[in-house]
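K.L.:
How does the following fold in three dimensions:
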Amino acid sequence: MMQLTLANQITFLRIVLIIPFVLCMLEASDPKIGSKARYIAVGIFVIMAVSDAVDGYVARVQKKVTRLGTFLDPMADKLLMTCACILLATAKTAVPGFRMPLEPVVLILGKDVLVSLGFMTVYLLTGHPRVVPVWAGKLATFLQLVMVASTLIAPEMSRLIPYWKMWVKMSWWLAGIMAAVAVVIYIYHGMRYIDQIERQNRQNSTSKTGKQ
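P.N.:
You can find the predicted model right below:
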């Protein structure tokens, strides 16, 4: 039986916490407990965001970067962002006065769909699973975390900081645009990797033919 590392356990915890996060957001429109449910959702989201950094740090320190963790970590991020974006853009569960527009939601979710399709394409064409984080992907994930957190606390912060509403709207589009940039870079790296594997296969084939 495969033994889970501490980093993998933290990642699993992050995935499990998505359930109470979604449940709290579903109750956010209830006039009796709406604000309390949103505050709990903020707390859960902060724990998930911190654990996203902690699991990677633990894996590097313990020198236990596993293949399972390589798959689980981005999957946890995708699940969280998918749920958060849909909830923030839906009238019933959106933060009052700060409903996220559909355009950045499409860009963010589209990135995850295209990257997943790209991964499967690379695997089918090369026979090798390849998950290589790039700076644009990491920045896109960071901006998405900031975007969700900024939106969740927007009603309170906008009363304290006059330009908070403007910042929240800006964060939506920054996260969306960075997601689009990340897709372009992932596609570029994927095409280079496929080309590299094909060249190696041709060279190996030529070498075998020459030996015969």
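K.L.:
and the most centrally placed residue in the chain, what does it touch?
P.N.:
Nearest to the mean C-alpha position of the chain, by C-alpha atoms, centre = their mean, lies residue 77 at 3.4 Å. Applying C-beta atoms under 8 Å, 6 or more residues apart in numbering, we find residue 77 in contact with 52, 141. Quick note: C-beta positions are derived from backbone N, CA and C, even for glycine.
K.L.:
pLDDT on the helix or strand harbouring it, on average?
P.N.:
Taking DSSP states H and E as the criterion, residue 77 maps to helix 67-89. Summarised as a single mean, pLDDT over helix 67-89 is 84.
K.L.:
Kindly provide the whole-number mean pLDDT of the helix or strand that it is followed by.
P.N.:
Sequence order places helix 102-126 as the next helix or strand after helix 67-89, per DSSP H and E. The average pLDDT within helix 102-126 is 85.
K.L.:
now do stretch 203-212
P.N.:
Averaged across stretch 203-212, the pLDDT comes to 65.
K.L.:
before we move on, what about stretch 50-64?
P.N.:
The average pLDDT within stretch 50-64 is 76.
K.L.:
Go through it and flag the buried ones.
P.N.:
Neighbour counts using 16 or more other C-beta atoms under 10 Å place 51-52, 54-56, 58-59 of stretch 50-64 among the buried residues.
K.L.:
Pull the contacting residues for residue 182.
P.N.:
111, 115, 134, 136-137, 139-140.
K.L.:
Give the burial count for residue 186, as a bare number.
P.N.:
By other C-beta atoms under 10 Å, 21 other residues sit near residue 186.
K.L.:
correct me, but it touches residue 137?
P.N.:
Yes: assessed by C-beta atoms under 8 Å, residue 186 is found in contact with residue 137 at 6.7 Å.
K.L.:
Tell me which stretches of the chain form helices.
P.N.:
All helices of the chain, identified by DSSP state H, fall at 6-26, 34-61, 67-89, 102-126, 135-152, 154-160, 164-211.
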